[in-house]
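1. pasting the sequence and the predicted coordinates here, then a few questions.
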Amino acid sequence: MKKPFPWHIVVFLAPAFLVYAIFSAFPLIDTLRLGFYTTTDTNQQLFSGLANYYTLMVDPHWSEGFWNAMRNNVKFFLVHMLIQNPIGLLLAALLSMRGVRGAKAYQTLIFLPTLLSVVIIGFVWQLILSPLWGVAETLLGYVGLAEHFQPWLGDESTALFTLSLMSVWQFVGIPMMLIYAALIAIPDEIIEAAVVEGASAWRIFWTIRVPLILPTLGLTTILTFVGNFNAFDLIYSVKGALAGPGYSTDILGTYFYRAFFGYQSQLGSPTLGAAVATMMFLVILVGVGLYFFFVQRKLQRFSF
Amino acid sequence: MQHKVTRFAGSTFTQVILAGYTVLALFPIVLIVINAFKSRAAIFDSPLALPNSESWSLIGFEKAMKNAHFFNFFGNSAIVTVTSLVLILFFGAMAAWALSEYKFRGNRWLMAFFAFGIMVPIRLGTVSILKIMVSLELVNTLTALILVYVAQGLPLAIMILSEFMQQIPKELKEAARCDGVGEFKIFFQVILPLIRPAVATVAVFTMVPIWNDLWFPLILAPGEETQTITLGVQQFIGQYATDWNAVLASLSLAVLPVLVLYMFFSRQLIRGITAGAVK
């Protein structure tokens, strides 16, 4: 006897499948395809093989900006890895200690900025750092450092680092929460056994807790990576699409936007934009791939 | 004795770090909000002071309200966020149920297909999304934003919900099936009411990015009628950059609803994140 066709499964799956396929999966594949085309002056799209990629990576007019954006994006990511995630780990470690007074309140308040729009955070810090208002200078003055104040956002050598720190300030709550959740999930017996053995809190932290939360640290890393190589809003709202001064804060997101929509006298090209998006896709794919093939697999072998 | 001293020093150190970082996290927001209620002169003369009877002024809010369509922006953001969330939860729950309950060919492939969307940002498909929206004549409509955000939110929602559904006891479903209840009725009357706790987790992970997004409103719906609050604030501040009262007031207006909501829901929200993260 043949079973009737399971229509109910189709009905359950259809809405999600259709919306996701049409507005997420298909556009992504179509973008990869468009990267192999060029747009003519009459707005026709012609197949041109790797021409866009040649333009991006070799043609001096575009490649300089592309590699600059790539370098800046790597720096943007490194600042998050070296400052945001260690601070997140420190805060989570302190919050997860037993009997810390007000831990819940601290956690709630430190997480607050992550909920606000990046646009708002960008403007808020822009005002605070503005030499016109002078708040940052006044505050530095309280600790005797007023003469070190500079318009950091306006200086080519410091703008990107300043913007990265603004982003770190906003998002430190995310690694904090993820790591905190992992730390409190460690069974008490493990820690107690170590305490009985006479291990110090410091040693317990580095030799027992940290190894046990490695999967979460890996997850934090990949989330930071994907988020950073996909970033746009902060730079755009503080520095505009031109990512000044002198493109010193340009990252792949803003470069993509300019390639797609054009800027100043340079006309935008959807196909060149698609090629930039494809490059971003490859970068993210490599990151995610590394995460799954090395971090995930290796960690699963050692997890209990 | 010495043990006690180190312990005391340890907890003081902890408190100093945590309290210090909390001040750092809150100071910028507090600074903006208190200055939004001051006159222009007071903003510049004593930015760190609380507003008093002398410096109190609502001029910034009046300007912001008059010049921008703030209520309109709020309305747009609310419509987009709430509609997207409802659709994500509903479609996501149906798909999660199908994937976690029924064994059929291609089940694992579909799972992987959806899971792909968790890691790969939908933004990368923007060139093509814009093309689709142009051909559907949906540019400058809230519908365009809703469709994109539903597609963006579904993968994670399906993952969270299907993990949750696997924990629903088998007996519940089997009992219903023995009574001859149809598959649709089981889903709507037995399963949907049971997933309420997971809804909070999904809501946290989907609502915040939608409300705060700048990219898609900027590209798909930049028209004045369809601007969301995030885009509206961005454009408004760009225009009135030198009017400090208006800028501070509009920033405060954009922050306040989030602050109020957070005051009420922070506990559920944090529980949702910690629960979601442990899995």
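-> Everything's here; your move. All values derive from a computational prediction rather than experimental measurement.

2. from memory residue B:235 sits against residue B:227, does it?
-> Yes: Residue B:235 is within contact range of residue B:227, at 6.9 Å (criterion: Cβ atoms under 8 Å). For the C-beta atoms, the positions are set from N, CA and C on the backbone; glycine is no exception.

3. ok, those two, which is more surrounded?
-> residue B:227 (24 against 18; other Cβ atoms under 10 Å in any protein chain shown).

4. which residues does the nearest residue to the more buried one once chain neighbours are set aside contact?
-> Spatial nearest neighbour of residue B:227, chain neighbours left out: residue B:73 (5.5 Å); criterion: Cβ to Cβ, 6 or more residues apart in numbering or on different chains. Neighbour list for residue B:73: B:227, B:228, B:229, B:231, B:232, B:233 [criterion: Cβ atoms under 8 Å, 6 or more residues apart in numbering or on different chains].

5. repeat that with 10 Å
-> The contact partners of residue B:73, taken as Cβ atoms under 10 Å, 6 or more residues apart in numbering or on different chains, are B:217, B:224, B:226-233, B:235-236, B:250, B:253-254.

6. under the pLDDT cut-off, which ranges of the chain? List them.
-> Picking chain A for this. Across chain A, the ranges flagged by pLDDT under 70 are A:1-2, A:296, A:298-304.

7. that answer is for a different chain, and I need it for chain B
-> Using pLDDT under 70, chain B drops low at B:1-7, B:67-68, B:275-279.

8. quick one: the helices in it, in order.
-> Ranges of helices within chain B are B:2-36, B:40-45, B:59-67, B:70-101, B:107-119, B:126-135, B:142-165, B:170-178, B:183-185, B:192-194, B:196-212, B:215-220, B:229-239, B:244-278, based on DSSP state H.

9. check the stretch 1-150 of chain A too.
-> Applying DSSP state H, counting those that start in this stretch to the stretch 1-150 of chain A gives helices spanning A:7-20, A:26-34, A:51-57, A:60-79, A:85-95, A:103-111, A:118-129, A:135-142.

10. to residue B:201, which of these lies closest?
-> Minimum separation from residue B:201 across these (Cβ to Cβ) falls at helix A:103-111, 15.1 Å.

11. thought residue B:93 was touching residue B:193?
-> No: Residue B:93 is beyond contact range of residue B:193, at 11.0 Å (criterion: Cβ atoms under 10 Å).

12. how much space between residue B:252 and residue A:113?
-> With distances taken as Cβ to Cβ, to the nearest Å, residue B:252 is found 15 Å from residue A:113.

13. contacting residues for the residue lying closest to residue B:205 once chain neighbours are set aside?
-> If the residues on either side of it in the chain are set aside, residue B:205 comes closest to residue B:156, at 5.6 Å by Cβ to Cβ, 6+ apart. With contact taken as Cβ under 10 Å, 6+ apart, residue B:156 is in contact with B:88, B:92, B:114, B:115, B:117, B:118, B:201, B:202, B:205, B:206, B:209, B:276.

14. tell me who's in contact with residue 50.
-> With no chain named, the answer covers chain A. Residue A:50 makes contact with A:35, A:36, A:56, A:57, A:275, according to Cβ under 10 Å, 6+ apart.

15. please refer instead to chain B.
-> B:30, B:34, B:35, B:37, B:38, B:56.

16. with adjacent residues omitted, what lies nearest to residue B:61?
-> Excluding its sequence neighbours, the residue lying closest to residue B:61 (Cβ to Cβ, 6+ apart) is residue B:249, at 4.5 Å.

17. wouldn't that neighbour be in contact with residue B:32 here?
-> Yes: the pair formed by residue B:249 and residue B:32 meets the contact definition of Cβ under 10 Å, at 9.5 Å.

18. ok and the residue in the stretch 101-250 of chain B nearest chain A?
-> For the stretch 101-250 of chain B, the residue closest to chain A is residue B:125, as judged by Cβ to the nearest Cβ, at 3.1 Å.

19. and the closest residue to that residue other than its chain neighbours, how many neighbours?
-> Distance criterion Cβ to Cβ, 6+ apart; nearest residue to residue B:125, sequence neighbours excluded, is residue A:27 at 3.1 Å. Residue neighbour count, defined by other Cβ under 10 Å, stands at 26 for residue A:27.

20. taking chain A, what residue is nearest to chain B?
-> Across chain A, the shortest distance to chain B (Cβ to the nearest Cβ) belongs to residue A:27, at 3.1 Å.

21. list the contacts of that residue.
-> A:21, A:34, A:277, B:122, B:124-133, B:148, B:151 are the contacts of residue A:27 under Cβ under 10 Å, 6+ apart.

22. what about it, distance to residue A:151?
-> 40 Å.

23. try residue B:159
-> Taking Cβ to Cβ, one finds residue B:159 at 45 Å from residue A:151.

24. so what's residue B:111 closest to, chain neighbours aside?
-> Per Cβ to Cβ, 6+ apart, closest to residue B:111 is residue B:99, 5.8 Å.

25. relative to residue A:21, how far out is that neighbour?
-> Counting by Cβ to Cβ, the gap from residue B:99 to residue A:21 is 15 Å.

26. so between the two, which is more surrounded?
-> More crowded of residue B:99 and residue A:21, by other Cβ under 10 Å: residue B:99, with 23 against 15.

27. quick check: the more buried one touching residue B:108?
-> Yes: with contacts counted by Cβ under 10 Å, residue B:99 reaches residue B:108, the gap being 9.1 Å.

28. dump the residue contacts of residue A:52.
-> A:34-39, A:59, A:62, A:259, A:269, A:271-276, A:278-279.

29. could you list which of those also contact chain B?
-> When Cβ under 10 Å from any Cβ of the partner chain is applied, the members of the contacts of residue A:52 adjacent to chain B are A:34, A:35, A:259, A:269, A:271, A:272, A:273, A:274, A:275, A:276, A:278, A:279.

30. which members of those residues are the farthest-apart pair?
-> A:269 and A:279 (14.6 Å).

31. and the residue nearest to residue B:61, how many residues sit next to it?
-> Using other Cβ under 10 Å, residue B:249 has 26 neighbouring residues.

32. who touches it in this structure?
-> B:32-33, B:35-37, B:57-65, B:70, B:243.

33. repeat that for residue A:94.
-> Residue A:94 touches A:100, A:103, A:106, A:176, A:180, B:10-11, B:13-15, B:17-18, B:21, counting by Cβ under 10 Å, 6+ apart.

34. quick one: what helix or strand has residue A:193 in it?
-> Element membership for residue A:193, per DSSP states H and E: helix A:188-196.
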